[in-house]
Each structure stands twice: as structure tokens, then as C-alpha cells.
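> give the three-dimensional model of this entry:
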Amino acid sequence: MYGGYQIYKEFNLNKEVVEKSENFIKNNQLIKNNVGEIKSIALPINKKNLSGNDYSITFLVKGEKKYADVIVNSYYQDRNLKNIDNLKIISFEINENYNYVE
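From the prediction side, this is the model:
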């Protein structure tokens with residue numbers, strides 16, 4: 001299993017991008033309505049740095065009702081990779097191919 005630093009390094013992901021995406025998931029009411037209260041978010045299970053500035057990251061989200069893959073798509077608005085405030089989350093998708101949590 002990869003350590004957190006190795007994941008970011010290997011897939012060229014900025015730690016702040018992952019953290020901002022996780023915070024988006026934790027605070028999104030549509031995701032909460034779908035999976036239930038969020039119990040945990042796994043390290044990214046699929047990461048794509050699409051063009052150096054655009055990201056598509058899949059997280060495994062464990063909710064009180066069920067598990068789901070949540071794909072978060074984002075990009076830097078001004079291409080300034082040093083300023084996380086310029087990262088804009090543009091869309092997300094919920095994949096429900098998991099059974100309910102017991």
C-alpha cells in the first residue's frame with residue numbers, strides 16, 4: 001500500500017487538491033442524502049491529473065446507509081497552482097455500485 005506522500009508524488013496530485021475535494025464531499029448535502037451521514041472517506045482510489053491543472057479524483061465514501069464512489073472534478077481557474085483558493089470544483093458524480101453498510 002502506498003503512503004500518502006507517495007500517492008501524491010506518483011500521481012502528481014497536490015495535497016491541498018485532495019483536501020479541498022474531501023471537504024467538498026463532507027459538506028455536500030446531495031452526497032449526504034445519498035449515502036447517509038459520512039463516516040469516512042478513503043484515500044483517493046483513482047486519480048487523474050488531466051492536464052496539469054485539471055483533476056478528476058475518485059474517493060470511496062463510507063456513509064451510514066451505504067458505500068459509494070464519489071468522483072470530484074476540478075481545475076485551477078487562473079492556472080496558478082500555488083493558490084488553492086483558485087481551485088474550482090466544477091462537478092461531481094456518485095457511483096452506487098456498493099451494498100448497504102450493515
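> and Phe24, that one's in a helix?
Yes: counting by DSSP: H, G, I helix; E, B strand; the rest coil, Phe24 is found in a helix.
> neighbours around it, how many?
By the measure other C-beta atoms under 10 Å, the count of residues near Phe24 is 17. The C-beta positions use only the backbone N, C-alpha and C, and glycine is treated the same way.
> show me where this structure has its helices.
Ranges of helices within the chain are 4-10, 15-27, 29-35, based on DSSP state H.
> so what touches the last one?
Identification of contacts with helix 29-35 by C-beta atoms under 8 Å, 6 or more residues apart in numbering yields 25, 38, 61-68, 70, 92, 94, 96.
> go again using 10 Å as the cut-off
24-26, 28, 38, 61-68, 70, 72, 92, 94, 96, 98, 100-101 (C-beta atoms under 10 Å, 6 or more residues apart in numbering).
> ChimeraX command to pick out the buried ones of those?
The ChimeraX command for the buried members of the contacts of helix 29-35 (criterion: 16 or more other C-beta atoms under 10 Å) is given here:
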select :24,25,28,38,61,62,63,67,68,70,72,92,94
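> quick check: Gly36 vs Glu93, distance?
Applying C-beta to C-beta, to the nearest Å, the value for Gly36 to Glu93 is 18 Å.
> so for Asp54, what's the pLDDT?
pLDDT recorded at Asp54 is 79.
> what sits against the nearest residue to it once chain neighbours are set aside?
Using C-beta to C-beta, 6 or more residues apart in numbering and skipping residues adjacent in sequence, the residue nearest Asp54 is Tyr75, 4.3 Å away. Counting by C-beta under 10 Å, 6+ apart, Tyr75 touches 17, 50-51, 53-56, 86-90.
> hmm, back to that, looking at the helices of the chain, which has the lowest confidence?
Looking at the helices of the chain, the lowest mean pLDDT belongs to helix 4-10 (a mean of 42).
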